[in-house]
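>>> can't give you the sequence, but here's the structure:
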């Protein structure tokens with residue numbers, strides 16, 4: 001196993017960290033909606049939905065405690081060095097959350113994009129689809145940073 005770059009999710013010394021979902025400028029709770037829609041599409045029953053939701057919250061809770069240490073759980077995003085990928089495998093199907101850790105907010109984990117990783121097709125097609133998801137998360141990160149420059153509009157978690 002290679003060493004994981006220092007995400008807050010792997011650094012218990014600064015914990016606890018706090019999750020915040022990206023929200024669009026008009027107030028749309030896009031990340032929260034994305035999680036719900038992804039699980040609705042990917043789960044056959046309400047029970048499965050609840051179990052998966054619990055597994056997602058459990059890994060995020062460990063991340064907020066700085067307790068992640070495995071590439072099975074977290075990796076840096078290759079296309080966007082300010083982003084991180086939390087990883088789940090549900091019935092062999094990969095599920096992802098891209099998040100950032102804004103420097104101006106040292107206790108924040110900013111959830112940017114949930115999605116099921118596409119695994120059908122050629123490797124080129126799989127990469128293209130995943131890179132599109134990564135790019136969308138990066139765009140959200142950039143938008144969020146523009147609205148919160150240098151911590152000038154401090155969040156409650158950083159007070």
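Structure received. Predicted model, so just to flag it, every value in this text is computed and none were measured.

>>> could you pull out the strands for the chain?
Along the chain, the segments classed as strands by DSSP state E run 18-21, 74-76, 83-90, 93-100, 108-116.

>>> quick one: which of these is nearest residue 139?
Closest to residue 139 of the strands of the chain is strand 108-116 (CB to CB; 8.9 Å). In this view, the C-beta of every residue, glycine as well, is placed from N, C-alpha and C.

>>> The strands of the chain into TSV, with extra columns for mean pLDDT, mean neighbour count and distance to residue 144?
Converted to TSV, the strands of the chain look like this (pLDDT from 0 to 100; neighbours: other CB atoms under 10 Å; distance: least, CB to CB, whole Å):
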stretch	mean pLDDT	mean neighbour count	distance to residue 144
strand 18-21	97	16	9
strand 74-76	95	18	18
strand 83-90	96	20	12
strand 93-100	97	21	8
strand 108-116	97	23	6
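
>>> Just put those strands in a markdown table and tack on distance to residue 49.
As requested, those are exported to a markdown table (distance: least, CB to CB, whole Å):
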| stretch | distance to residue 49 |
| --- | --- |
| strand 18-21 | 18 |
| strand 74-76 | 24 |
| strand 83-90 | 11 |
| strand 93-100 | 13 |
| strand 108-116 | 14 |
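
>>> Report the beta-bridge partner residues of the closest residue to residue 41 other than its chain neighbours.
Leaving out its chain neighbours, the residue that sits closest to residue 41 by CB to CB, 6 or more residues apart in numbering is residue 116, at 7.6 Å. Using DSSP bridges, the bridge partners assigned to residue 116 are residue 95.

>>> wait, isn't residue 116 in contact with residue 43?
No - using CB atoms under 8 Å as the test, residue 116 is too far from residue 43 to be in contact (10.8 Å).

>>> rewinding a little: the residue nearest to residue 41: what's it in contact with?
When contacts are counted by CB atoms under 8 Å, 6 or more residues apart in numbering, residue 116 is found next to 38, 41-42, 93-96.

>>> Quick one: closest of the strands of the chain to residue 32.
strand 18-21 (5.3 Å).

>>> For the closest one, which strands pair with it and how are they oriented?
Partners of strand 18-21 in its sheet, by DSSP bridges: strand 108-116 (parallel).

>>> Can you check what angle separates the partner strand from strand 93-100?
Using axes from the mean of the first three to the mean of the last three CA atoms, to 10 degrees, the direction of strand 108-116 lies 150 degrees away from that of strand 93-100.
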